[in-house]
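K.L.:
Just to be clear, the model below is a prediction. Sequence and coordinates:
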Amino acid sequence: AIAAAVANGTPLIAASTAGDPEIAALLPAEITELPPDGLPQRKRLRAANPADPLFAGLNPAAFGVYTALKPRENSGVRLFFEDGAPAAVEGKAGKGRVLYSAVAFGADLIPGREARDPFLLRAISELTGKALPERPRQPVAPDADGYYPGAGAENFGRFGIILGDGLLTETVNHVLAVTN
């Protein structure tokens, strides 16, 4: 059903690995999973076009590299790892545009935004032509005594989270703040 929809013009955004061969055939790159050998190598990212609004405010952190991409014919690389290896590739499958990212959704590619995954939000907006609002993340303010709110009694043992957050990997990033 997904392949038919994409062939008829529905855009597709995919990331990480594609377990379904029918979906993998739609992707603008061949994906080779790198052998697990301890911790993955980490590399910084750079947009193919520095003016590309999809990657405005790109996180300067280094991200884990779990796959190698080989762009297919008639596809274009939009994001590279620092060594020049493709990190995000765009192409077409039938009438549908397809964007594939080797960096998983929720990886904080675009930090400081309110959305859980601003990159995914921007990609959906771009591929569908529908403007989706993007707002900066509001900083958490300390209470009257200068303390920052943490978890409630039902979340004993967890701290340093955004209020209302389920402590998902989407909120873990390269910034460490220690307060006393």
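P.N.:
Yep, it's here.

K.L.:
Can you report phi and psi for the nearest residue to Gly94 once chain neighbours are set aside?
P.N.:
Using CB to CB, 6 or more residues apart in numbering and skipping the chain neighbours, the partner closest in space to Gly94 is Ala7 (3.1 Å). Using the backbone N, CA and C atoms, a C-beta is placed for each residue, glycine as well. With angles defined as degrees, to the nearest 10, Ala7 sits at phi -60, psi -30.

K.L.:
ok, Ala7 - contacts?
P.N.:
Ala93, Gly94, Lys95, Gly96 (CB atoms under 8 Å, 6 or more residues apart in numbering).

K.L.:
Check whether the first one really touches Leu12, as I assumed.
P.N.:
If I follow you right, that is Ala93. Yes. Using CB atoms under 8 Å, Ala93 makes contact with Leu12 at a distance of 7.0 Å.

K.L.:
what residues are shared contacts of those two?
P.N.:
Joint contacts of Ala93 and Leu12 (CB under 8 Å, 6+ apart) are Val6, Leu26.

K.L.:
hey, where'd the strands end up in the chain?
P.N.:
12-15, 29-33, 42-43, 45-47, 63-64, 67-71, 76-81, 86-93, 96-101 (DSSP state E).

K.L.:
In terms of mean pLDDT, which of these ranks lowest?
P.N.:
The stretch with the lowest mean pLDDT among these is strand 63-64, at a mean of 92.

K.L.:
Counting by contacts, list what that one packs against.
P.N.:
strand 42-43 (3 or more CB pairs under 8 Å, 6 or more residues apart in numbering; DSSP states H and E).

K.L.:
so what does the strand it packs on touch, helix or strand wise?
P.N.:
strand 63-64.

K.L.:
What pairs with the strand it packs on, parallel or antiparallel?
P.N.:
Under the criterion DSSP bridges, strand 63-64 sits next to strand 42-43 (antiparallel) in its sheet.

K.L.:
so where is this protein shaky, pLDDT-wise?
P.N.:
148-180 (pLDDT under 70).

K.L.:
now the helices: where do they sit in it?
P.N.:
Applying DSSP state H to the chain gives helices spanning 2-7, 21-24, 118-128.
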